[in-house]
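> no sequence for this one, just the structure:
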């Protein structure tokens, strides 16, 4: 059977149409891909500066971020970038060592003054050696005046306290004596001196204790800066002689003797008080009749136990049952009633 020309043409067109249908999807995909590339290139070319800035910022962030750091296999290469870690570890170890100072016998003033010629100090051997009767006899008039004025003070709850009150001046390691602070020294007896404004209340307290059968002895009133420095340095040397390092000796000395420039003795408001039957500056004084009397009645005369037991973490000074500070009758009464130290009282103002 002969196939006509028309039929051949039609058959060829059908075969060509089938091939075109097979090629159409791949061609469409290629055209879309080419258009996307062209579009992306156009965007990059027209916004080159903007994208360049973004890339620089990202690169800087990656290079400087805290989680991106090199790991050094060679220990010698690791020493320099890790120096700050070694330093911090050393400081932490030193702090831990300071906090774990071995217990030693606390040295009082006489322990570190013996054996010196005292050329650094003027008349130290003549200071602080007067009996209670000698002090009261010389100040009999002042004692009578203080006794007459006793009871005239207003009730503590009716008094407004101020941090600017000289009686409440906070002196410690964190609050040294202000450079512009001034006061007048008054004489207790001979070379024994203190702030003249507290003498009448001090004498009244001495007389009140005597009336109750307790003979108090003032063993360390006002100290000037020179004496405080000598006392502090000698304590450091004494502890070092017992085998301590300088930092250990400094730490324990600062707990027993306040750092020069941060001592209440230098402003004439603090006194070390013992008795004629117990003259040691140690915790045992707190268990004596005199120590108990002072803890109970000193507030009635404006004095407070400056470094009470249990407050060492606040005062940074060990318990000193012999160290009393004048703060005024009202403040001393409040502190006694609340069982707080001067730092806590001032913090509440």
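Now that the structure is in, tell me what you want to look at. Here the structure is a predicted model, which means the values were calculated and not measured. Numbering: from 1, shown residues only.

> what's the span of stretch 308-316, first residue to last?
Between the opening and closing residues of stretch 308-316 there is a gap of 11 Å (CA to CA, to the nearest Å).

> average model confidence for it?
The average of the pLDDT scores along stretch 308-316 is 94.

> likewise stretch 43-54?
When pLDDT is averaged over stretch 43-54, the result is 71.

> Please apply the same query to stretch 138-157.
Across stretch 138-157, the per-residue pLDDT values average to 60.

> Then stretch 26-40?
On average, the pLDDT along stretch 26-40 is 79.

> what does stretch 194-202 give?
The predicted confidence, averaged over stretch 194-202, sits at 96.

> Can you mark which positions in that stretch are buried?
By neighbour count with 16 or more other CB atoms under 10 Å, stretch 194-202 contains the buried residues 194, 195, 197, 198, 199, 200, 201, 202. The way it works is simple: take the backbone N, C-alpha and C, and place the C-beta from them, glycine included.

> Then stretch 161-172?
By neighbour count with 16+ other CB under 10 Å, stretch 161-172 contains the buried residues 161, 167, 168, 169, 171, 172.

> packing partners for the helix or strand residue 203 falls within?
For residue 203, the host element (DSSP states H and E) is helix 199-211. Counting contacts by 3 or more CB pairs under 8 Å, 6 or more residues apart in numbering; DSSP states H and E, helix 199-211 is packed against helix 132-138, helix 140-149, strand 185-189, strand 216-220, helix 289-297, strand 303-307.

> Please identify the most buried of those.
For those, the stretch with the most neighbours on average is strand 303-307, a mean of 24; neighbours defined as mean count of other CB atoms under 10 Å.

> ok, back up a step: and the angle from the helix holding residue 203 to strand 303-307?
Angle of helix 199-211 versus strand 303-307, following axes from the mean of the first three to the mean of the last three CA atoms, to 10 degrees, is 90 degrees.

> Going forward, the N-terminal residue is numbered 727.
Shifting the count to begin at 727 puts that one at helix 925-937.

> by how many degrees do helix 925-937 and helix 1015-1023 diverge?
Here helix 925-937 runs at 120 degrees with respect to helix 1015-1023, directions being taken by the same axes, to 10 degrees.

> still on that earlier bit, looking at the helices and strands packed on helix 925-937, which is closest to residue 961?
Ranking the helices and strands packed on helix 925-937 by distance to residue 961, with CB to CB as the measure, places strand 942-946 first at 13.7 Å.

> in its sheet, what does that closest one sit against?
Pairing partners of strand 942-946, with direction, according to DSSP bridges: strand 996-1001 (antiparallel).
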